[in-house]
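> Mind looking at a prediction? Sequence and model below.
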Amino acid sequence: MLLDALTKGMRKTIIAGNWKMNKTPSEATSLIEEIKPLVADANCEVIICVPYVDLGIAIEATRDTNIKVGAQNCHWAESGAFTGEISTGMLKELGVEYVVIGHSERRQYFGETDETVNKRVKAALAAGLKPIVCVGELLWERECNITNEVIARQIKLDLWDVTPEEMANVVIAYEPVWAIGTGKTATAEQAEEVCEFIRACLKGLYGLEIAASVTIQYGGSMNDKNAAELLAKTNVDGGLIGGASLVAEKFAAIVDATKPAEY
Ligand code: PGA
(Lines give C-alpha, C1' and ligand atoms only; values in the text may rest on other atoms or scores of the structure.)
Protein backbone atom coordinates (compact mmCIF):
# COMPACT_ATOMS: atom_id res chain seq x y z
CA MET A 1 0.00 0.00 0.00
CA LEU A 2 1.11 3.52 -0.77
CA LEU A 3 1.02 4.64 2.83
CA ASP A 4 3.19 1.71 3.96
CA ALA A 5 5.73 2.66 1.29
CA LEU A 6 5.75 6.29 2.36
CA THR A 7 6.32 5.35 5.99
CA LYS A 8 8.97 2.65 5.40
CA GLY A 9 11.79 5.17 5.76
CA MET A 10 10.46 6.24 9.14
CA ARG A 11 10.57 2.76 10.62
CA LYS A 12 13.64 1.41 12.35
CA THR A 13 15.35 -1.29 10.28
CA ILE A 14 16.54 -4.06 12.56
CA ILE A 15 18.82 -6.98 11.74
CA ALA A 16 18.90 -9.44 14.61
CA GLY A 17 20.91 -12.63 14.85
CA ASN A 18 19.19 -15.47 16.68
CA TRP A 19 22.03 -17.74 17.73
CA LYS A 20 19.64 -20.36 19.17
CA MET A 21 21.52 -23.03 21.19
CA ASN A 22 24.89 -22.33 19.60
CA LYS A 23 28.24 -20.96 20.83
CA THR A 24 29.86 -21.51 24.20
CA PRO A 25 31.07 -18.37 25.99
CA SER A 26 34.56 -18.61 24.47
CA GLU A 27 33.15 -19.26 20.99
CA ALA A 28 30.77 -16.35 21.47
CA THR A 29 33.66 -14.04 22.30
CA SER A 30 35.45 -14.99 19.07
CA LEU A 31 32.36 -14.56 16.92
CA ILE A 32 31.53 -11.16 18.42
CA GLU A 33 35.10 -9.95 17.84
CA GLU A 34 34.75 -11.03 14.19
CA ILE A 35 31.37 -9.33 13.78
CA LYS A 36 32.24 -6.02 15.46
CA PRO A 37 34.40 -4.40 12.74
CA LEU A 38 32.24 -5.79 9.94
CA VAL A 39 29.07 -4.05 11.13
CA ALA A 40 30.63 -0.92 12.65
CA ASP A 41 29.23 1.36 9.95
CA ALA A 42 25.79 -0.23 9.78
CA ASN A 43 22.91 2.10 9.07
CA CYS A 44 20.43 -0.16 10.79
CA GLU A 45 20.04 -1.49 14.32
CA VAL A 46 22.18 -4.61 14.84
CA ILE A 47 21.26 -7.10 17.54
CA ILE A 48 22.65 -10.46 18.58
CA CYS A 49 20.31 -12.71 20.57
CA VAL A 50 22.58 -15.14 22.34
CA PRO A 51 22.15 -18.05 24.78
CA TYR A 52 21.72 -17.02 28.43
CA VAL A 53 25.23 -18.07 29.43
CA ASP A 54 26.72 -15.84 26.73
CA LEU A 55 24.76 -12.71 27.67
CA GLY A 56 27.27 -11.34 30.19
CA ILE A 57 30.25 -11.62 27.89
CA ALA A 58 28.24 -10.38 24.90
CA ILE A 59 27.32 -7.24 26.81
CA GLU A 60 30.92 -6.66 27.86
CA ALA A 61 32.26 -7.37 24.37
CA THR A 62 29.78 -5.03 22.66
CA ARG A 63 30.14 -2.12 25.10
CA ASP A 64 30.85 1.09 23.14
CA THR A 65 29.85 -0.56 19.86
CA ASN A 66 26.68 -0.30 17.78
CA ILE A 67 25.70 -3.91 18.57
CA LYS A 68 22.79 -4.47 20.95
CA VAL A 69 22.29 -7.68 22.89
CA GLY A 70 19.11 -9.71 23.19
CA ALA A 71 18.02 -12.84 25.05
CA GLN A 72 15.99 -15.65 23.47
CA ASN A 73 13.26 -15.94 26.10
CA CYS A 74 12.23 -14.73 29.56
CA HIS A 75 9.76 -15.76 32.23
CA TRP A 76 6.80 -13.61 33.22
CA ALA A 77 7.15 -13.86 37.00
CA GLU A 78 9.46 -11.48 38.83
CA SER A 79 11.02 -14.31 40.81
CA GLY A 80 10.05 -17.56 42.50
CA ALA A 81 9.96 -21.31 42.22
CA PHE A 82 10.45 -21.69 38.45
CA THR A 83 13.48 -23.92 38.15
CA GLY A 84 15.46 -23.30 34.99
CA GLU A 85 13.76 -20.02 34.12
CA ILE A 86 15.19 -16.51 33.80
CA SER A 87 13.35 -13.34 34.85
CA THR A 88 13.12 -10.03 33.05
CA GLY A 89 14.81 -8.34 36.02
CA MET A 90 17.83 -10.62 35.65
CA LEU A 91 18.12 -9.73 31.96
CA LYS A 92 17.63 -6.05 32.60
CA GLU A 93 20.31 -5.91 35.28
CA LEU A 94 22.81 -7.49 32.89
CA GLY A 95 22.12 -4.76 30.34
CA VAL A 96 20.06 -6.80 27.90
CA GLU A 97 17.86 -4.63 25.67
CA TYR A 98 15.84 -7.04 23.50
CA VAL A 99 14.23 -10.42 24.07
CA VAL A 100 12.88 -12.87 21.49
CA ILE A 101 9.47 -14.15 22.58
CA GLY A 102 7.29 -16.88 21.11
CA HIS A 103 9.85 -18.29 18.68
CA SER A 104 8.30 -21.22 16.81
CA GLU A 105 10.90 -23.58 18.29
CA ARG A 106 9.63 -22.67 21.75
CA ARG A 107 6.04 -23.09 20.61
CA GLN A 108 6.88 -26.44 18.96
CA TYR A 109 9.20 -28.05 21.52
CA PHE A 110 8.55 -26.31 24.83
CA GLY A 111 4.80 -25.93 25.05
CA GLU A 112 4.72 -22.20 24.43
CA THR A 113 1.19 -20.97 23.72
CA ASP A 114 -0.21 -17.60 22.71
CA GLU A 115 -1.25 -17.17 26.34
CA THR A 116 2.28 -17.66 27.70
CA VAL A 117 3.72 -15.59 24.86
CA ASN A 118 1.41 -12.76 25.91
CA LYS A 119 2.44 -13.07 29.56
CA ARG A 120 6.11 -12.92 28.62
CA VAL A 121 5.55 -9.96 26.30
CA LYS A 122 3.73 -8.03 29.03
CA ALA A 123 6.43 -8.84 31.59
CA ALA A 124 9.23 -7.86 29.22
CA LEU A 125 7.61 -4.52 28.45
CA ALA A 126 6.95 -3.84 32.12
CA ALA A 127 10.64 -4.40 32.83
CA GLY A 128 11.72 -2.04 30.05
CA LEU A 129 12.87 -4.78 27.66
CA LYS A 130 11.96 -4.69 23.96
CA PRO A 131 10.24 -7.92 22.88
CA ILE A 132 10.74 -9.35 19.40
CA VAL A 133 7.44 -11.21 19.10
CA CYS A 134 7.54 -14.11 16.65
CA VAL A 135 4.51 -15.20 14.67
CA GLY A 136 4.18 -17.54 11.71
CA GLU A 137 2.14 -20.29 10.14
CA LEU A 138 2.91 -23.99 9.78
CA LEU A 139 3.22 -25.49 6.30
CA TRP A 140 -0.13 -27.25 6.46
CA GLU A 141 -1.82 -24.09 7.66
CA ARG A 142 -0.47 -22.30 4.57
CA GLU A 143 -1.57 -25.19 2.39
CA CYS A 144 -5.05 -25.00 3.92
CA ASN A 145 -5.12 -21.30 3.06
CA ILE A 146 -5.51 -20.14 6.64
CA THR A 147 -2.24 -18.18 6.94
CA ASN A 148 -4.05 -14.91 7.56
CA GLU A 149 -6.36 -16.43 10.20
CA VAL A 150 -3.38 -17.94 12.03
CA ILE A 151 -1.40 -14.70 11.93
CA ALA A 152 -4.36 -12.53 12.96
CA ARG A 153 -5.04 -14.82 15.92
CA GLN A 154 -1.40 -14.80 17.05
CA ILE A 155 -1.12 -11.02 16.73
CA LYS A 156 -4.33 -10.45 18.70
CA LEU A 157 -3.56 -12.94 21.45
CA ASP A 158 0.17 -12.28 21.76
CA LEU A 159 -0.40 -8.53 22.02
CA TRP A 160 -3.50 -8.71 24.21
CA ASP A 161 -3.49 -5.86 26.73
CA VAL A 162 -0.32 -4.32 25.29
CA THR A 163 -0.97 -0.58 25.37
CA PRO A 164 -0.51 1.81 22.45
CA GLU A 165 2.38 3.44 24.34
CA GLU A 166 4.07 0.08 24.88
CA MET A 167 3.88 -0.66 21.15
CA ALA A 168 6.77 1.78 20.65
CA ASN A 169 9.01 -0.95 22.12
CA VAL A 170 7.53 -3.95 20.32
CA VAL A 171 9.12 -5.57 17.27
CA ILE A 172 7.23 -8.22 15.30
CA ALA A 173 9.05 -11.02 13.47
CA TYR A 174 7.15 -12.88 10.78
CA GLU A 175 8.70 -16.33 10.60
CA PRO A 176 6.84 -18.90 8.51
CA VAL A 177 7.60 -22.11 10.38
CA TRP A 178 8.20 -24.04 7.14
CA ALA A 179 11.02 -21.64 6.24
CA ILE A 180 12.98 -21.84 9.49
CA GLY A 181 16.24 -23.73 9.23
CA THR A 182 14.97 -25.54 6.15
CA GLY A 183 16.70 -23.52 3.45
CA LYS A 184 13.20 -22.82 2.05
CA THR A 185 12.88 -19.06 2.12
CA ALA A 186 9.51 -17.48 1.59
CA THR A 187 9.62 -15.56 -1.66
CA ALA A 188 9.95 -11.83 -1.21
CA GLU A 189 6.33 -11.55 -2.39
CA GLN A 190 5.10 -14.08 0.19
CA ALA A 191 7.04 -12.30 2.94
CA GLU A 192 5.67 -8.92 1.89
CA GLU A 193 2.12 -10.23 1.67
CA VAL A 194 2.09 -11.46 5.25
CA CYS A 195 4.08 -8.52 6.67
CA GLU A 196 1.55 -6.19 5.02
CA PHE A 197 -1.25 -8.23 6.55
CA ILE A 198 0.41 -7.98 9.98
CA ARG A 199 0.53 -4.21 9.58
CA ALA A 200 -3.17 -4.24 8.67
CA CYS A 201 -3.90 -6.24 11.86
CA LEU A 202 -1.91 -3.68 13.89
CA LYS A 203 -3.91 -0.92 12.22
CA GLY A 204 -7.12 -2.58 13.38
CA LEU A 205 -5.83 -2.87 16.93
CA TYR A 206 -3.88 0.36 17.36
CA GLY A 207 -4.69 2.68 14.47
CA LEU A 208 -2.79 3.95 11.51
CA GLU A 209 0.00 5.88 13.17
CA ILE A 210 1.20 3.10 15.47
CA ALA A 211 0.81 0.45 12.77
CA ALA A 212 2.97 2.52 10.44
CA SER A 213 5.72 2.83 13.03
CA VAL A 214 6.18 -0.82 14.10
CA THR A 215 9.22 -2.67 12.77
CA ILE A 216 8.21 -5.98 11.18
CA GLN A 217 11.07 -8.37 10.46
CA TYR A 218 11.10 -11.40 8.21
CA GLY A 219 12.83 -14.55 9.42
CA GLY A 220 13.33 -18.00 7.91
CA SER A 221 16.42 -18.96 5.94
CA MET A 222 17.32 -15.32 5.30
CA ASN A 223 20.92 -15.20 4.12
CA ASP A 224 23.51 -13.06 2.41
CA LYS A 225 22.12 -14.03 -1.00
CA ASN A 226 18.40 -13.37 -0.56
CA ALA A 227 18.45 -10.57 2.06
CA ALA A 228 18.52 -7.59 -0.31
CA GLU A 229 15.41 -8.69 -2.18
CA LEU A 230 13.47 -9.41 1.01
CA LEU A 231 14.56 -6.20 2.73
CA ALA A 232 13.60 -4.10 -0.26
CA LYS A 233 9.95 -4.98 0.27
CA THR A 234 7.75 -2.21 1.61
CA ASN A 235 6.63 -3.95 4.79
CA VAL A 236 9.79 -5.93 5.54
CA ASP A 237 11.73 -3.76 7.97
CA GLY A 238 14.51 -6.12 8.88
CA GLY A 239 15.41 -9.71 9.52
CA LEU A 240 15.63 -12.27 12.31
CA ILE A 241 18.44 -14.52 11.20
CA GLY A 242 19.32 -17.94 12.54
CA GLY A 243 21.91 -20.02 10.70
CA ALA A 244 23.50 -17.17 8.73
CA SER A 245 24.00 -15.11 11.89
CA LEU A 246 26.59 -17.63 13.10
CA VAL A 247 28.97 -16.73 10.28
CA ALA A 248 30.35 -13.21 10.72
CA GLU A 249 30.72 -12.43 7.00
CA LYS A 250 27.23 -13.66 6.16
CA PHE A 251 25.64 -11.73 9.03
CA ALA A 252 27.55 -8.58 8.04
CA ALA A 253 26.46 -9.00 4.42
CA ILE A 254 22.83 -9.07 5.56
CA VAL A 255 23.42 -5.91 7.62
CA ASP A 256 24.96 -4.32 4.48
CA ALA A 257 21.93 -5.33 2.44
CA THR A 258 19.86 -2.79 4.39
CA LYS A 259 21.87 0.05 2.89
CA PRO A 260 20.21 1.87 0.02
CA ALA A 261 21.73 0.98 -3.34
CA GLU A 262 24.35 3.45 -4.55
CA TYR A 263 23.90 4.90 -8.01
P1 PGA B 1 17.03 -19.60 10.15
O2 PGA B 1 16.30 -19.26 11.54
O3 PGA B 1 17.55 -18.28 9.60
O4 PGA B 1 18.13 -20.54 10.50
O5 PGA B 1 16.00 -20.18 9.25
C6 PGA B 1 15.54 -18.10 11.69
C7 PGA B 1 14.98 -18.07 13.10
O8 PGA B 1 14.58 -19.12 13.59
O9 PGA B 1 14.93 -17.02 13.75
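That came in fine, so what should we check first?
> Is there a neighbour count for the residue of the chain found nearest the ligand? I'd like the number.
Closest approach between the chain and the ligand, counting by C-beta to the nearest ligand atom: Gly242, at 2.3 Å. Glycine gets a C-beta too; all of them are placed from N, C-alpha and C. Counted with other C-beta atoms under 10 Å, the neighbours of Gly242 add up to 22.
> Report the beta-bridge partner residues of the closest residue to it other than its chain neighbours.
Leaving aside its sequence neighbours, Gly242 sits nearest to Asn18 (C-beta to C-beta, 6 or more residues apart in numbering; 5.1 Å). Beta-bridge partners recorded for Asn18 (DSSP bridges): Cys49.
> Make sure Asn18 is actually in contact with Pro51.
No: between Asn18 and Pro51 there is no contact under C-beta atoms under 8 Å: 10.5 Å.
> Pull up the overlap in contacts between the two.
Counting by C-beta atoms under 8 Å, 6 or more residues apart in numbering, the residues touching both Asn18 and Pro51 are Gln72.
> Tell me which of these two has more neighbours.
Each of Asn18 and Pro51 has its neighbours counted (other C-beta under 10 Å); Asn18 has more, 27 against 17.
> For Tyr98, see how far away the more buried one is.
11 Å (C-beta to C-beta, to the nearest Å).
> Mutual contacts of these two, please.
In contact with both Asn18 and Tyr98: Cys49, using C-beta under 8 Å, 6+ apart.
> and the nearest residue to Ser221 once chain neighbours are set aside, what is it in contact with?
Leaving aside its chain neighbours, Ser221 sits nearest to Thr185 (4.3 Å; criterion: C-beta to C-beta, 6+ apart). Residues near Thr185 by C-beta under 8 Å, 6+ apart: 179, 220-223, 226, 230.
> go with 10 Å
176, 179, 191, 218-223, 225-227, 229-230 (C-beta atoms under 10 Å, 6 or more residues apart in numbering).
> Thank you kindly, that will do.
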